[in-house]
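**Q** take a look and give me a structure for this.
(chains A and B)
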Amino acid sequence: MIGAYEITLVAVVSINLMLALGLNLITGFCGQVSLGHAAFFGTGAYAAALVAASGMPLVAVIAFAGLMASLIGLLVGFTSLRVREDFLAITTMGVGFVFVGFVRKQGWLGAEMGLTDIPDHGLGDLGFIGLCVLLVIAMAALTAHIKNSWLGFGFAAVAEDEATAKTLGIDAARYKLVAFVIGTFLAGVAGAVYAYFTRFIIPGAFGFTISISILSMVIVGGVGSIWGVVVASIVLTLLPEFSRVINDYKLLLYGGLIVLTMRFAPEGLAGLARRWRTRRKPAGEP
Amino acid sequence: MLHVELVLQGLINGSMYAVVAVGLTMIYGLLRILHVAHAGLFTLGAYITVLVANATGSLPLGIALAMIAVGLGGMLIYRLLYEPLLDRPPYVALIASIGLFICMEESYRIIFGPYGSSFDAMRLTQRLTIGPIGLAAADAAMLVGAIVLLTGLGLIMKRTRFGVAWRATVTDPAMARSFGIDTIRVRYVNFFIASVFAAAAGSLVAVLNNLVEPTMGSVPSYKSLAIIVLGGLGQVGGTLAAALLLGVIEAYGTIYAGAWLDRDAIAFIFLIAVLMVRPQGLFAKS
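**A** Presented below is the predicted three-dimensional model:
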């Protein structure tokens, strides 16, 4: 029997999965570190809340939210043409702070009180869960497809060594922009789902800690690895739910895992699994 | 009169930013690490000051102990976290540092409680009047403290053997080593001094607000990243100018731009604008 609690769990896990898959595309595939993913999530949520009130159908609302987020994503993507690595990280972090600082003061976005009375999605509980799962599967499939396409090879080349990629005639700027556009589109869709799910949104829900939580899922899973990121997102989202103690110390857990992963296993779960496999299969054996 | 008050308030805040950011820029200049957890040390310094001052009744003893303990803490962070990450891309240390900072904030919340602590007896509550300007004694202490600390740092950098070794190592580590400078020791002393400054800033803020909270480091942490970028990374003079300028701009911004942007976002608007136009920083030389 599926109760309200299980529905909440599925919805929250799905939203985090969508966010992590999108960030994995930007940071994992294309190597552009972003510390402001929550800003795109928030853009999608606010865009969805605004147009849903005008009676637009569900699918159109979700698509609109994704497009608005990827429009902002394209703008932010242009900064990645100008600054790199740690500078890009603090620029995107700045975008996150500016987003929250801007929304907080806008009367038409509800300021501190946020937007309420977001209309019902009209799918029923099971329908909504179905939509969440469907979106996650579609996004996982999309990113898996991209990873093995020419687009994905281009991303990998840019992530590995941008200068060399340029020498080989790869238009690094275009690949970076495409990565931002697709990755932030996914975040915008996650925002729309979030808006329909909670039916009220406040600026605080899209702050820096959310960006860091999503980043910790990508890093712990292993940047670039789809299954690693999926496993890490599910585990890190559910772990605080199983135990009150872990929930109280959720941020401590996320922060600690980021430190430990960066320090001891920079390739995350995926890297650990790879290392374990190669150890079991000694060199020389096919 | 409004302008005098605004500039003064801006300089007081700016001098706090300056004392925090100068340590960050020293660390960046030497090792290219964006040390977000620096602000965690700032909070730790504030807590030690309040706890020791309340236990012994002596504020100077509290400040002195905080500076020494936090200085050692900074060296420990370098040894355990950053040293093993030095040959990895710079964003690795940045992300690890953010993770560590979140852990520190959460640990303070768990250990010292979420509501913060105060001095048993209010310190420096008199009001000074200098000509037409009225000023709380704690504000004056902040300004004077910052001037003393920064002058002291200037003297260390210009006059002592460590200062010469530091500047040599920043300019050309290999050459410095071949001239017999122990560059490893320079790093440790660098972290010690920078952390001592963070602790001193924490103590001054504790006196200024008569309150220390687990999250008091959040604002200085990310904002001082913006400051050191604006100041031209690794440039001590530029960092001081940027810190004071930002303090004044924020004081004006809250009056004139407060209706559409929150105070903490102002620093990042500047950060993003400067990075887009002059990626090498506002006051950088080349």
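**Q** so how many other residues sit close to residue 148?
**A** Using chain A here. By the criterion of other Cβ atoms under 10 Å in any protein chain shown, A:N148 has 9 neighbours. No exception for glycine: its C-beta is placed from N, CA and C like everyone else's.
**Q** looking at chain B here, not the other one
**A** Using other Cβ under 10 Å, B:V148 has 11 neighbouring residues.
**Q** what pLDDT is listed against it?
**A** Looking at B:V148, its pLDDT stands at 89.
**Q** which parts of the helix or strand containing it are buried?
**A** Using DSSP states H and E, B:V148 sits within helix B:137-159. Neighbour-count burial for helix B:137-159 flags B:138-143, B:145-146, B:149-150, B:153, B:157 (criterion: 16 or more other Cβ atoms under 10 Å in any protein chain shown).
**Q** okay, those in TSV with distance to A:G66 next?
**A** Below are the buried residues of helix B:137-159 laid out as TSV (distance: Cβ to Cβ, whole Å):
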residue	distance to A:G66
B:A138	50
B:D139	49
B:A140	54
B:A141	52
B:M142	47
B:L143	50
B:G145	51
B:A146	48
B:L149	50
B:L150	49
B:L153	50
B:M157	52
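**Q** what about the nearest residue to A:L236 once chain neighbours are set aside, distance to B:V189?
**A** With sequence-adjacent residues excluded and distances taken as Cβ to Cβ, 6 or more residues apart in numbering or on different chains, A:L236 is closest to A:M217, at 5.3 Å. Distance, A:M217 to B:V189, by Cβ to Cβ, to the nearest Å: 38 Å.
**Q** and if you look at A:G73?
**A** 43 Å.
**Q** cool, and B:I255?
**A** 42 Å.
**Q** how about low-confidence regions in the stretch 151-286 of chain B?
**A** Counting by pLDDT under 70, the low-confidence segments of the stretch 151-286 of chain B come to B:258, B:280-286.
**Q** chain A contacts on that one?
**A** Applying Cβ under 8 Å from any Cβ of the partner chain, we find that the stretch 151-286 of chain B lies next to chain A at B:222, B:225-226, B:229, B:258-266, B:268-269, B:271-272, B:275-276, B:279.
**Q** ok, of those residues, which come out buried?
**A** B:222, B:225-226, B:229, B:261-262, B:264-266, B:268-269, B:271-272, B:275.
**Q** B:I255 and B:V189: who's more crowded?
**A** Neighbour count, other Cβ under 10 Å: between B:I255 and B:V189, B:V189 has more, with 17 against 11.
**Q** for the more buried one, which non-adjacent residue is closest in space?
**A** B:F162 (5.7 Å).
**Q** I'd say that neighbour and B:L153 touch.
**A** No. The pair B:F162 and B:L153 fails to qualify as a contact (Cβ atoms under 8 Å) at a distance of 11.1 Å.
**Q** what's the burial count for A:V181?
**A** The burial count for A:V181: 18, using other Cβ under 10 Å.
**Q** any idea which helix or strand carries it?
**A** Going by DSSP H and E, A:V181 is in helix A:172-198.
**Q** buried stuff in that helix?
**A** In helix A:172-198, residues buried by neighbour count (16+ other Cβ under 10 Å) are A:172, A:175-198.
**Q** mind listing what the one residue in chain B that gets nearest to chain A touches?
**A** Closest contact between chain B and chain A, by Cβ to the nearest Cβ, is at B:A265 (2.6 Å). Shown in contact with B:A265 (Cβ atoms under 8 Å, 6 or more residues apart in numbering or on different chains): A:97-98, A:100-102.
**Q** quick check: closest non-adjacent residue to it.
**A** Nearest non-adjacent residue to B:A265 (Cβ to Cβ, 6+ apart): A:G101, at 2.6 Å.
**Q** neighbours of the one you found, how many?
**A** Counted with other Cβ under 10 Å, A:G101 comes out at 20.
**Q** just B:L41 next, same as before
**A** The number of residues packed near B:L41 is 31, by other Cβ under 10 Å.
**Q** low-confidence stretches in chain A?
**A** Applying pLDDT under 70 to chain A flags the ranges A:1-2, A:281-286.
**Q** now the helices: where do they sit in the stretch 51-200 of chain A?
**A** A:58-82, A:85-103, A:124-147, A:150-160, A:162-167, A:172-198 (DSSP state H, counting those that start in this stretch).
**Q** any chance of JSON lines for those helices, columns distance to A:C30?
**A** Compiled in JSON lines, these are given as follows (distance: least, Cβ to Cβ, whole Å):
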{"stretch": "helix A:58-82", "distance to A:C30": "9"}
{"stretch": "helix A:85-103", "distance to A:C30": "11"}
{"stretch": "helix A:124-147", "distance to A:C30": "10"}
{"stretch": "helix A:150-160", "distance to A:C30": "4"}
{"stretch": "helix A:162-167", "distance to A:C30": "10"}
{"stretch": "helix A:172-198", "distance to A:C30": "4"}
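**Q** what does stretch A:55-62 contact?
**A** Under Cβ under 8 Å, 6+ apart, the answer for stretch A:55-62 is A:48, A:51-52, A:64, A:119, A:121-123, A:189, A:192-193, A:196.
**Q** 10 Å - rerun?
**A** Residues outside stretch A:55-62 that contact it (Cβ atoms under 10 Å, 6 or more residues apart in numbering or on different chains): A:44, A:47-54, A:63-64, A:118-123, A:127-128, A:131, A:135, A:188-193, A:195-196.
**Q** list the buried residues in it.
**A** If you call a residue buried by 16+ other Cβ under 10 Å, then stretch A:55-62 has these buried ones: A:56, A:58, A:61-62.
**Q** same thing with stretch A:104-117?
**A** A:104-105, A:109-110, A:114-115.
**Q** how about stretch B:245-256: buried residues?
**A** Result for stretch B:245-256 [16+ other Cβ under 10 Å]: buried residues B:245-254.
**Q** ugh, typo on my part, it should be stretch B:193-212
**A** B:193-208, B:210, B:212.
**Q** and for stretch B:102-110?
**A** Across stretch B:102-110, burial judged by 16+ other Cβ under 10 Å covers B:102-109.
**Q** following the host helix or strand of A:T209, which helix or strand shows up next?
**A** Per DSSP H and E: A:T209 is located in helix A:208-221. Note on helix A:208-221: by DSSP H and E, the next helix or strand toward the C-terminus is helix A:226-242.
**Q** so that next one versus helix A:124-147, what angle?
**A** 150 degrees (axes from the mean of the first three to the mean of the last three Cα atoms, to 10 degrees).
**Q** which non-adjacent residue is nearest A:A89?
**A** Nearest to A:A89 is A:V33, by Cβ to Cβ, 6+ apart, at 4.4 Å.
**Q** which residue does the stretch 1-150 of chain A bring closest to chain B?
**A** A:G101 (2.6 Å).
**Q** mind listing what that residue touches?
**A** A:203, B:260-269.
**Q** kindly recompute the last result at 8 Å.
**A** B:261-266, B:268 are the contacts of A:G101 under Cβ under 8 Å, 6+ apart.
**Q** try B:A55
**A** No contacts exist for B:A55 under Cβ under 8 Å, 6+ apart.
**Q** now B:S117
**A** Going by Cβ under 8 Å, 6+ apart, B:S117 touches B:47, B:50-51, B:54, B:211-212.
**Q** counting neighbours, what do you get for residue 127?
**A** This is for chain A. 12.
**Q** should've been chain B
**A** Using other Cβ under 10 Å, B:R127 has 11 other residues around it.
**Q** over to A:E85?
**A** 17.
**Q** ok, for it, nearest residue in space, not its chain neighbours?
**A** That would be B:Y91: by Cβ to Cβ, 6+ apart, it lies 5.0 Å from A:E85.
**Q** let me know whether that neighbour touches A:G31 as I believe.
**A** No. If you go by Cβ under 8 Å, B:Y91 and A:G31 don't touch, sitting 9.5 Å apart.
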